[in-house]
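Asker: below is the structure, and that's it, no one-letter string:
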């Protein structure tokens, strides 16, 4: 019996985020919101991951968005807006709070979906 691939049960997002802490935040937030997430840290990994799609959208940083748009015809959501201010002094140098709702809404708009994933 041959294996037949079925469509993904969840919308799949491809994240290209060089900062591991930011990648973890985004992965956790989107997984809680019902997305499946594939994370990459650079453009080489991003290109390798494209063959595992389809992806409903890409989450990335402003510095990578132009290169990503040149490589793939997938809606791109830049992370600059939903990511809050950096963590306060004394609490580590990690990223600030992530506005999960804003990120999910922007992904849904970019991907053309009106509702949250099931």
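Answerer: Happy to help now that I have it. Note that this is a predicted model, so its numbers are computed, not measured. Numbers count the residues shown, from 1 in each chain.
Asker: any idea which element residue 46 lies in?
Answerer: Here residue 46 is covered by helix 43-49, with elements defined by DSSP states H and E.
Asker: in that helix, what counts as buried?
Answerer: Residues of helix 43-49 classed as buried: 43, 46, 49 (neighbour count, 16 or more other Cβ atoms under 10 Å). The way it works is simple: take the backbone N, C-alpha and C, and place the C-beta from them, glycine included.
Asker: which residues are contacting it?
Answerer: 14, 16, 38, 40, 64, 67-68, 71-72 (Cβ atoms under 8 Å, 6 or more residues apart in numbering).
Asker: ok so, going back, could you dump the buried residues of helix 43-49 to TSV with pLDDT?
Answerer: Below are the buried residues of helix 43-49 laid out as TSV (pLDDT from 0 to 100):
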residue	pLDDT
43	96
46	97
49	97
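Asker: ranges for the helices of this protein?
Answerer: 20-32, 43-49, 62-71, 100-111 (DSSP state H).
Asker: looking at these, which is nearest to residue 77?
Answerer: The minimum distance between residue 77 and these falls on helix 100-111, with 5.0 Å, by Cβ to Cβ.
Asker: what average pLDDT does that closest one get?
Answerer: Averaging pLDDT along helix 100-111 gives 87.
Asker: report all helices and strands that that helix contacts.
Answerer: On a contact count with 3 or more Cβ pairs under 8 Å, 6 or more residues apart in numbering; DSSP states H and E, helix 100-111 meets helix 20-32, strand 57-60, strand 76-78.
Asker: and the shortest one, what does it pack onto?
Answerer: For strand 76-78, the packing partners by 3+ Cβ pairs under 8 Å, 6+ apart come out as strand 57-60, helix 62-71, helix 100-111.
Asker: before I go, just wanted to say thanks for your time.
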